[in-house]
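[1] Compute the structure for the input listed below.
(2 chains)
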Amino acid sequence: EDKVVQSPLSLVVHEGDTVTLNCSYEVTNFRSLLWYKQEKKAPTFLFMLTSSGIEKKSGRLSSILDKKELFSILNITATQTGDSAIYLCAVWRGATNKLIFGTGTLLAVQP
Amino acid sequence: SAVISQKPSRDICQRGTSLTIQCQVDSQVTMMFWYRQQPGQSLTLIATANQGSEATYESGFVIDKFPISRPNLTFSTLTVSNMSPEDSSIYLCSAERGGPETQYFGPGTRLLVL
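    Numbers count the residues shown, from 1 in each chain, chains lettered A, B, ... in the order given. Predicted coordinates for the structure are as follows:
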């Protein structure tokens, strides 16, 4: 059975800290891995990773994929209170063209 | 990008009744999907809404419980039928133009069944 597991489930940090969120997967017909930020209701797209070892970066956020070990990490440096959200990892499964979402990591950044 | 709206944004319903949720996209899209997010859990795909034909349901979801319509390329509805408290959840619509990185989500409908 396909599964996507994220860790930790929740995390509390202080502003300025650096955090690393983890996503591991076991999905047949893997095509890509995506990261989303969910603040209130609608998840918003952050990154899509298809190739191993190539870092994607956007401001203070960066992410990388390891297709051999079947995991990805999302790094956030110099965290701000506005980074508080649920971070979702999802794997795009080919053949069926559907996203399989992970359990999510709830990040709380305290001032 | 695509702007997606959903109606209603929230509702409180009685057990045994049905609720229809509407999803409107501001432009034509190829794929539309319905997800459920139960309290404290991640998103689970209910079905793919196919334009002009029956929806494709995921394991554990059936048409009698979650009938879906998609009459055109910008609009879809999801009905939650014969509701029970276990159906209390956020229901999200999403739309995709081409590839998962172009999948956008609606604001969701928060449903509470008493």
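[2] what are the pairing partners of whichever helix or strand residue A:62 is part of, and which direction each?
    Assigned by DSSP states H and E, residue A:62 falls within strand A:61-66. Partners of strand A:61-66 in the sheet, by DSSP bridges, are strand A:56-58 (antiparallel), strand A:71-76 (antiparallel).
[3] Quick check: residues of chain B near chain A?
    With CB under 8 Å from any CB of the partner chain as the criterion, chain B meets chain A at residues B:4, B:31, B:33, B:41-45, B:48, B:58, B:90, B:92, B:100-101, B:103-108, B:110. Quick note: C-beta positions are derived from backbone N, CA and C, even for glycine.
[4] Out of the strands paired with strand A:61-66, which gets nearest to residue A:40?
    Set against residue A:40 and scored by CB to CB, the strands paired with strand A:61-66 come closest in strand A:71-76, at 18.7 Å.
[5] Quick one: mean pLDDT for the next helix or strand after the closest one?
    Helices and strands here follow DSSP H and E; after strand A:71-76, the next one along the chain is strand A:85-93. The average pLDDT for strand A:85-93 rounds to 94.
[6] what's the offset of strand A:85-93 from the middle of its chain?
    Distance of strand A:85-93 from the chain centroid (CA atoms, centre = their mean, to the nearest Å) equals 5 Å.
[7] show me the contacts for residue B:89.
    B:36, B:37, B:38, B:39, B:111 (CB atoms under 8 Å, 6 or more residues apart in numbering or on different chains).
[8] Next, the distance between the ends of stretch B:5-21.
    11 Å (CA to CA, to the nearest Å).
[9] swap in stretch A:74-94?
    23 Å.
[10] ok, residue B:39 - how many residues close by?
    Neighbour count for residue B:39, taken as other CB atoms under 10 Å in any protein chain shown: 7.
[11] Just to check, residue A:72 is in contact with residue A:66?
    Yes. Using CB atoms under 8 Å, residue A:72 is in contact with residue A:66, at 7.0 Å.
[12] rewinding a little: which of the contacts of residue B:89 sits closest to residue A:105?
    Closest to residue A:105, out of all of those and judged by CB to CB, is residue B:37, at 14.8 Å.
[13] For that closest one, name its beta-bridge partners.
    Beta bridges link residue B:37 to residue B:43, residue B:90, judged by DSSP bridges.
[14] what's stretch B:35-53 in contact with?
    Contacts of stretch B:35-53 (CB under 8 Å, 6+ apart): A:43, A:88, A:90, A:98-104, B:31-34, B:55-58, B:61, B:66, B:68-73, B:76, B:78, B:88-94, B:105, B:108.
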